[in-house]
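Visitor: give me a 3D structure for the following:
(4 chains)
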2 protein chains.
Amino acid sequence: MQLDEAKRKFIEGWGTLGSAWGVSRTMAQVHALLLVSPGALSTEDLMEQLQISRGNANMNVRALMDWGIVRKELRPGERREFFSAEKDIHRVATLILKERRKRELEPIMRVLSEIKQVEPTSTASPEEMEAFTKMIGNIHSFAEFADGAASTLIKADENWFLSTFMKLMRPGS
Amino acid sequence: MQLDEAKRKFIEGWGTLGSAWGVSRTMAQVHALLLVSPGALSTEDLMEQLQISRGNANMNVRALMDWGIVRKELRPGERREFFSAEKDIHRVATLILKERRKRELEPIMRVLSEIKQVEPTSTASPEEMEAFTKMIGNIHSFAEFADGAASTLIKADENWFLSTFMKLMRPGS
DNA sequence: ATATTCTTTCAATTTTTATTGAAAGTTTAG
DNA sequence: CTAAACTTTCAATAAAAATTGAAAGAATAT
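Guide: Predicted structure coming up:
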């Protein structure tokens, strides 16, 4: 297989993966393209290589910067902006995990806390209320467990990164 | 807050969470409704409570059964089918994790393995090839790490479930 | 066998989401 | 200041995804 074809396949695969996880296909593809591009790319490059419009390229590269996995790169004497992806895949995973935790875990936690306070009524039996609060309580504590696990993963990953970095620094050890 | 309103809010919140994770809103809502319903529900119940069509209800309950988190319940002397959700949230998480691993991790792994074999060409510099294979290699081994972590979580969860179960069996210990 | 009750399928339709492209905004240069 | 080079916005449009509903299929009862 040739490099160009391999890149194309990766971009396609990454895009598909993205849409399964609620990330728009194009956003994932822009990310993939930046990942496999050695240097930083301009908006025009993104437009040309992915065959998308200027507005689309701009919006998606912006979203990726919000996620913290793409950086703007300014070149002296150049007016236009260039973009490059964070290449350390552990950092990428960490940043995505952090972002999704903030965007998705927090809202559902708020809802769960809120609905834990159900009042007794004449229409609902105590058994039904009990079953409901138990269910919600379980989900709530599971969500807290998941949150803790995510934090642990983030930490573990940062440690992994650090230890790899240390090994690189002292190859003889 | 009253029970009905709490249920409504949970169904809405669960639906929103679902769509962020690439699960259709209605599928997540059907799941939520079954989670907070003490007994099993018929297709008609789902239609009425979620205000959806028969076809929609059927398709989504079917998808949930494919995921293994909803079961069909047959009642003696009843012709129609009833559905109930797996209530143990740890089992739910495990089943979803397994399913998504199969559906999403496997395809991307196949692509990554495939594109690792890039041939040297005259058009691409060795440095560019090197950078590409390194990037893909990193993603590949990270995916393997993630896969391992998922397995560990599944196992940990099964252990957690088992130990809780054991405690319930021998409360005096 | 025929009717009845319930389930499944799927083409048509609706709804949601993503994309475009041109206009407005911004920044630097002259 | 004005022009040029680029970025951002957003209403219109296109594309994708979900939903409907009616017809076909299955299973049970009469």
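
Visitor: now stretch A:55-75: average pLDDT?
Guide: Stretch A:55-75 carries an average pLDDT of 97.

Visitor: relative to DNA strand C, how far out is the residue positioned nearest the centre of chain A?
Guide: In chain A, the residue lying closest to the centroid (CA atoms, centre = their mean) is A:Ile96, at 2.6 Å. To DNA strand C, A:Ile96 is 16 Å away according to CB to the nearest atom of the strand, to the nearest Å. For glycine as for every other residue, the C-beta is placed from the backbone atoms N, C-alpha and C.

Visitor: tell me what the helix or strand containing that residue is packed against?
Guide: Using DSSP states H and E, A:Ile96 sits within helix A:89-100. Here helix A:89-100 touches helix A:54-67, helix A:126-169, helix B:126-169, going by 3 or more CB pairs under 8 Å, 6 or more residues apart in numbering or on different chains; DSSP states H and E.

Visitor: which parts of that helix are buried?
Guide: Residues of helix A:89-100 classed as buried by neighbour count (16 or more other CB atoms under 10 Å in any protein chain shown): A:89-90, A:92-96, A:100.

Visitor: that helix to helix A:54-67, inter-axis angle?
Guide: 90 degrees (axes from the mean of the first three to the mean of the last three CA atoms, to 10 degrees).

Visitor: against B:Leu3, how distant is the residue of chain A most remote from its centre?
Guide: Centroid-distance maximum for chain A: A:Ser122 at 45.7 Å, with CA atoms, centre = their mean. In this view, A:Ser122 and B:Leu3 are 11 Å apart by CB to CB, to the nearest Å.

Visitor: same question, A:Glu114
Guide: Using CB to CB, A:Glu114 is found at 13 Å from B:Leu3.

Visitor: now swap in A:Val36 and tell me
Guide: From A:Val36 to B:Leu3 the distance is 53 Å (CB to CB).

Visitor: for A:Ala124, same thing?
Guide: Distance of A:Ala124 to B:Leu3, computed by CB to CB: 4 Å.

Visitor: neighbour count: those two, which is higher?
Guide: Neighbours per residue (other CB atoms under 10 Å in any protein chain shown) separate A:Ala124 from B:Leu3, with B:Leu3 holding more: 20 against 17.

Visitor: I'd say that one and A:Thr121 touch.
Guide: Yes. If you go by CB atoms under 8 Å, B:Leu3 and A:Thr121 touch, sitting 6.5 Å apart.

Visitor: ok but A:Ser84 is inside a strand, no?
Guide: Yes. A:Ser84: assigned to a strand according to DSSP: H, G, I helix; E, B strand; the rest coil.
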